[in-house]
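Engineer: Pasting the sequence and the predicted coordinates here, then a few questions.
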Amino acid sequence: MALPRIRVGRVFAYVAALAVAAFILAPIYLITISAFSSFDAVYEYPKNLVPTDASMESMNIFLESDGVTDSLLRSAYVAAITIVLCLALGTPAGYALARFTFRGGNPFQLALVSTRAFPLIIIAIPLAVTYLRVGIDDTVIGVALAHVAFTLPLTVLVTASVFAGISYELEEAAMTLGCNRLSAFRKIALPLALPGVAASAIFVFVTSWNEVFAAALLTLRERTLPAQMLAALDTSPLPYRLAGGFFLLAPALVVIFFIRKYLLTTWGRVAR
Amino acid sequence: MTSIAQETAPLTRRKRRWEGLPYWLILPTVAYLGVFFVWPMIQGFGLALQDETGAWSFTAFRTMVDDAAFGEAMSFTFLLILVVVPIQFVLALGMALLLNARLRGGGLFLYIFLLPLAISDLAAGIAWSAIFTERGYLNTILGGVGVLEQPFIFLDPTSKTQLVIAVAAAEIWRSTTFMMVILFAGLQAIPKDYTEAAEVFGAGFFQRVRHVIFPMLKPSIQVALLLRLIFAFEVFAVVIALTGSGATVLAAEAYKWQATNENEHVAAAYSMVILGLSLAAAAVILVALRTPRERRLR
Amino acid sequence: MSEIRFQAVRKSFGKFAAVDGVDLEVRDREFVVLLGPSGCGKTTLLRCLAGLERVDDGRVFIGDRDSTDLPPRRRRIAMVFQSYAVFPHMKVYDNIAFGLRMQREKKPVIDERVRSSAGLLHIEELLDRYSSQLSGGQRQRVAVARAIATKADVLLMDEPLSNLDALLRLEMRAELKTLLQNLDATTIYVTHDQIEALSMGDRIAVMNKGRIVQLGNPLEVYDNPSDTFVGGFIGNPPMNFLEAEVSANGGASNAKLSGGSFELTGETAALAGHNLLLGIRAEAIGVETAAADGLGRAKVIVLEPLGSHNLLTVRCGADTLKVSIQPDLFPQPESDVWLRLEPSRIRWMDRDTGVAIHTGTEEFATETAVVTT
């Protein structure tokens, strides 16, 4: 009796997993075939569920629209600046949390965790006011600075977790073999932490690439891709929106592939 | 003995410098967050509590509450949470359990299940609008299998119920993964011995989930619900992308007052409402789902 | 050249005094084992010597240099870590070469030393592998090879064998001892395994609660424990301790145990005025299966055959004793046996302080002490 019941459970599990997978993949599939279809296909009804005539027509309309390539580039710049700043500021702090017990260490960590209770919206509005006064409103750097404020706490927590996973004895061994603290870090801890740090960089990239609210508030002409898309939602033609949606979504397919292991170990642990 | 006493002075000095290292390492982060997180937040309070002339007043809050959109935004935000979060929680737990069951092809399922984590709410809104729109994929499918004769207008701006369902579908699709990741990490921290012991004592699958996994997972459930609720008050682009001006939420109103009406005071007042609700939700979850220390794993 | 001296060294973590005033001198090329239970401060003391911990107070000398404030890299030491700390992102070759490269040795020198160190530890064929491709025993060899490659004056070992399984540990123990005998380094070896300490060290420093409680060669430490802690910690089974009363009776003295009493010969003046514990090793107790004149009776509780000998737990009066007997003797539980305490092996401790009391006759007593009921 026991054996068949287990098998039924397994079958049910597969059916459930396949159903969830289909639910997740369907919209991605549909927006992809929409983005790569002809102008006519976008407007036709009933729609074709299987792409028979893939075409770059919609994609070209999107890419040739005013400001689109610029906003794509800007999104890339913003993400790049955000990543560099986040790692430059956050890696040392993460290392400190992982390696030292010091007065204030725990409150610092708690403060980082609790920043997540404060939505980005709250700081975006005052920042918009300040940027106008300082003169960095409507700039790529302004958006990046806001994104750093939002992603830095998690970066610190994740890198702390990465460094905590690398035994301090390795660095100590290097120190007994002739390294000082800095060279032990550079030769031992850093190379070993690199994959984990890269994964957190990728996560910073995704967060920045996707962020709409602050980007839209802080820019007017120098829009990032999401800001551009948001502004154009009710004025742009359908093919433009679908192709743009695909561009917003596409990095996810690649990025998740590279950081899927880390999401569940490091990131999941930190989130708890 | 005297020589030791004399030599302790430089030793202590050196030790202090040594102990200063972690503070130097966290200084950049602390400074940055001070300038770009804490200070703007204080500024936000100031903005919300000042009028255009800079005088302290509740004008901004009064303007906000008197606006008809405030009630609409409030009710839509809450309605959405009420529909989305319970469904999402059950689904996320189910997905986490499926991944934890180590099915053949688990790596592929893992990849697919994680995908929405990197998809923005704007992209989700656009993708689902392609499905829900009158000449969209859902009507195509329903028409194709003969359920519908005529295309149905799902995104009917006059039907709040339909709009909530549409936005809820997109939100469930996009943000369930976020909860799943936290729950799955929690599941993996539960040693297999416990569930195996329960199995040996005759517990079936659902009994194991209810009596062993659920209690041990409670801290993770707490965090998952907490963060999910906080993010739910920020929901923004997906609503705009799906409903146009048919529905509004708190964050959308904040955006509108800042970007369109150029009144940062009312916008800040909205952000303070969002903050207040986030903190209140966090407090409720923390209290309702607290696990006494002695009952925790480890 | 490379003698080591700790001078009143203290190190606390918060309120916990891990090392609480240690003075210790280690001679050039000596092999000293720091032995003690976990939390006794032995590893902390080693790390203070390595420069991985800063002492709160006191001085550390390596050779004739005051090394108290020197960073690890300037102390001319090498260390084998408990977890081995073999760098996972480098091949075995690069691990062994690491210290030499940090010292900017020339390439041919590095190559020669890496190969000779690897040869000494029989890991020449592993030089191209990564740590993850090695077994625990192989990693351990790499860690030792890396430490000896730099030809440091001082070699520090922090429980190097504790992560190996029993058989491998036995094998490695002998191999390591041979290897270290042929090196010129002064070695400090930390372990909680008393057999390791007894079998390897020139001298053993037994530590408890942050202090060194006894320093001596292995036999001394085993035979003449300085207090009940050392007697109980070293030896398997631990030393038996029995409450005793000694009364002077004219020229001879009489020792009274809960299970009987016996005549004491020799000098006992030092024992006067103490509440006493009698300490005796399991193998210093003779056992007869038949009643004989003047032997003390005890009841067998359990018999554990161990191959080379049998271990007997017996009850004698209010005391429970561990006695080791020859392997062909099998007294059944609940049966009676008769005990004889070897007088030269009897040690006296103060019951209140636990500290050993020396009567001056321990080594010379030859008469047989007999427990009489």
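Structural biologist: Great, that's in hand.
Engineer: ok, how many other residues are close to whichever residue of chain A sits closest to chain C?
Structural biologist: Of all residues in chain A, A:G178 sits closest to chain C, at 2.9 Å by CB to the nearest CB. Quick note: C-beta positions are derived from backbone N, CA and C, even for glycine. By the criterion of other CB atoms under 10 Å in any protein chain shown, A:G178 has 20 neighbours.
Engineer: if you look at the host helix or strand of C:T43, does any of it touch chain B?
Structural biologist: According to DSSP states H and E, C:T43 maps onto helix C:42-50. No. Helix C:42-50 does not reach chain B (CB under 8 Å from any CB of the partner chain); its nearest approach is 12.8 Å.
Engineer: show me where pLDDT drops low in the stretch 151-272 of chain A?
Structural biologist: For the stretch 151-272 of chain A, the stretches flagged by pLDDT under 70 are A:265-272.
Engineer: about what we covered before: check which helices and strands the helix holding C:T43 sits against.
Structural biologist: Judged by 3 or more CB pairs under 8 Å, 6 or more residues apart in numbering or on different chains; DSSP states H and E, the packing partners of helix C:42-50 are strand C:4-13, strand C:16-26, strand C:31-35, strand C:57-62, strand C:77-80, strand C:154-158, strand C:186-191.
Engineer: show me where pLDDT drops low in chain B?
Structural biologist: B:1-19, B:297-298.
Engineer: Now it against chain A: closest residue?
Structural biologist: Nearest residue of chain B to chain A: B:A185, at 2.7 Å (CB to the nearest CB).
Engineer: May I ask you to confirm that that residue is in contact with A:L264?
Structural biologist: Yes. Counting by CB atoms under 8 Å, B:A185 does reach A:L264; the two are 6.2 Å apart.
Engineer: Tell me which of these two has more neighbours.
Structural biologist: When neighbours are counted by other CB under 10 Å, B:A185 comes out ahead of the other of B:A185 and A:L264, with 23 against 19.
Engineer: Could you measure from that one over to B:F178?
Structural biologist: As judged by CB to CB, to the nearest Å, B:A185 and B:F178 stand 12 Å apart.
Engineer: what residues do these two have in common as contacts?
Structural biologist: Common contacts of B:A185 and B:F178 (CB atoms under 8 Å, 6 or more residues apart in numbering or on different chains): none found.
Engineer: Now do C:A145 against chain B, distance only.
Structural biologist: Plainly put, C:A145 is 32 Å away from chain B if you go by CB to the nearest CB, to the nearest Å.
Engineer: residues in contact with the helix holding C:T43?
Structural biologist: By CB under 8 Å, 6+ apart, the surrounding residues in contact with helix C:42-50 are A:172, A:176, C:4, C:6, C:9, C:11, C:18-19, C:22, C:34-36, C:53-55, C:60, C:62, C:72, C:75, C:77, C:79, C:82, C:154, C:156, C:158-159, C:188, C:190, C:192, C:207.
Engineer: Does the residue of chain B closest to chain A lie in a helix or a strand, and which?
Structural biologist: Using DSSP H and E, B:A185 falls within helix B:160-188.
Engineer: Tell me which helix or strand comes right after that helix.
Structural biologist: That would be, after helix B:160-188 and using DSSP H and E, helix B:192-200.
Engineer: what about that following helix, near chain A?
Structural biologist: No. Helix B:192-200 stays clear of chain A (CB under 8 Å from any CB), getting no nearer than 10.7 Å.
Engineer: Can you point out the buried residues in that helix?
Structural biologist: If you call a residue buried by 16 or more other CB atoms under 10 Å in any protein chain shown, then helix B:192-200 has these buried ones: B:T195, B:A198.
Engineer: angle of that helix against helix B:160-188?
Structural biologist: If you take axes from the mean of the first three to the mean of the last three CA atoms, to 10 degrees, helix B:192-200 sits at 100 degrees to helix B:160-188.
Engineer: Whether stretch C:185-204 contacts chain A - can you check?
Structural biologist: No. Stretch C:185-204 stays clear of chain A (CB under 8 Å from any CB), getting no nearer than 12.8 Å.
Engineer: no, scratch that, I was asking about stretch C:127-135
Structural biologist: No. Using CB under 8 Å from any CB, stretch C:127-135 stays clear of chain A, coming no nearer than 10.1 Å.
Engineer: and that stretch, how far out from the chain's middle?
Structural biologist: 32 Å (CA atoms, centre = their mean, to the nearest Å).
Engineer: With stretch B:160-177 instead?
Structural biologist: On the basis of CA atoms, centre = their mean, stretch B:160-177 is displaced by 14 Å from the centre of the chain it belongs to.
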